[in-house]
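Student: Okay, predicted coordinates and the sequence, questions at the end:
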Amino acid sequence: MKVVTIQGSPRANGNTAAVLEKFEKALGDGHEVERIDLQKLNVGGCLACYACAQNLSEPGCVQMDDAQSVIASILEADAVVYATPLYMWTFPAQIKALLDRHLCFVKGYTTPEYTSLLKDKPVALLVTCGGPVEENADLIEEGFSRLAKYGLLKHAGNYVVPGCTTPDQLGDAADAAVEQMKAALVGA
Ligand SMILES: Cc1cc2nc3c(=O)[nH]c(=O)nc-3n(C[C@H](O)[C@H](O)[C@H](O)COP(=O)(O)O)c2cc1C
């Protein structure tokens, strides 16, 4: 399988990157990985022009920034991991901009022709945070679950690594999240 992994933290070598690297290593040689480091890219927020809604067969986003290549990679992927730190109970601005741009994948929402260019594509959310899961990471999990439903994706789960301090002190929770996500996304 070709697995696209999106690293959404502004920190190139922080907790999120470290857990994602563990996942990529755990995938082994049987899978191709394309890592997208969002902090290296220029991805603007959705302009709400709805030009994409006029194109039913392609994404059709008219904002010509680095999101174009990310959109193409997501389309080609067999599975996608969205990895992010938790900022103020939700997504950091950088990856939120990309998620908003997912509007272009969904076609005919609220009409009988409602479909998605990503229909049935397996996706998973990986979150690192300093605090606990409860009353902290619940909102980002709910937000991603709703996005997956809206995009008609195959939601392979949300995986939260709580209590993160520094990348060199990731504990058992990180390994458990990696193993569970791998099993759900590409099989054991
Ligand atoms: C602006 C900002 C907001 C944060 N908000 C939260 C939060 O709401 N809950 C939480 O548990 N941790 C929060 N944190 C901590 C990060 O989620 C945590 O350190 C994460 O593992 C950082 O990942 P990174 O090293 O990949 O950037 C916040 C950190 C920053 C910089």
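Tutor: Okay, I see it.

Student: OK, contacts around the one residue in the chain that gets nearest to the ligand?
Tutor: Residue nearest to the ligand within the chain: residue 14 (2.2 Å; CB to the nearest ligand atom). Just so you know, the C-beta spots here come from the backbone N, C-alpha and C atoms, and that holds for glycine as well. Taking CB atoms under 8 Å, 6 or more residues apart in numbering, we find residue 14 in contact with 85, 128, 167.

Student: cutoff 6 Å now
Tutor: For residue 14, no contacting residues are found, by CB atoms under 6 Å, 6 or more residues apart in numbering.

Student: again with residue 81
Tutor: Taking CB under 6 Å, 6+ apart, one finds 5, 124, 126 in contact with residue 81.

Student: in its sheet, what does the helix or strand the second one falls within sit against?
Tutor: If I follow you right, that is residue 124. Applying DSSP states H and E as the criterion places residue 124 in strand 122-128. Strand 122-128 pairs in its sheet with strand 79-85 (parallel), strand 154-161 (parallel), by DSSP bridges.

Student: hmm, the shortest one in reach of the ligand?
Tutor: When you say that, I think you mean strand 79-85. Yes: using CB under 6 Å from any ligand atom as the criterion, contacts between strand 79-85 and the ligand involve residue 85.

Student: Kindly calculate the angle that the next helix or strand after that strand makes with strand 79-85.
Tutor: Per DSSP H and E, the first helix or strand lying C-terminal to strand 79-85 is helix 93-100. Here the directions of helix 93-100 and strand 79-85 differ by 150 degrees (axes from the mean of the first three to the mean of the last three CA atoms, to 10 degrees).

Student: Now do the same for helix 93-100: mean pLDDT, whole number.
Tutor: On average, the pLDDT along helix 93-100 is 98.

Student: Tell me how far that helix lies from the chain's centre.
Tutor: 10 Å (CA atoms, centre = their mean, to the nearest Å).

Student: Output that helix as PDB, nothing but the C-alphas.
Tutor: Extracted in PDB, the C-alpha atoms of helix 93-100 (Å, rounded to 0.1, in the frame of the first residue of the first chain):
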ATOM      1  CA  ALA A  93      -3.600  26.600  12.200                       C
ATOM      2  CA  GLN A  94      -1.300  25.000   9.700                       C
ATOM      3  CA  ILE A  95      -3.100  21.600   9.400                       C
ATOM      4  CA  LYS A  96      -6.500  23.200   9.900                       C
ATOM      5  CA  ALA A  97      -5.800  25.200   6.700                       C
ATOM      6  CA  LEU A  98      -5.200  21.900   4.900                       C
ATOM      7  CA  LEU A  99      -8.300  20.200   6.400                       C
ATOM      8  CA  ASP A 100     -10.500  23.200   5.300                       C
END
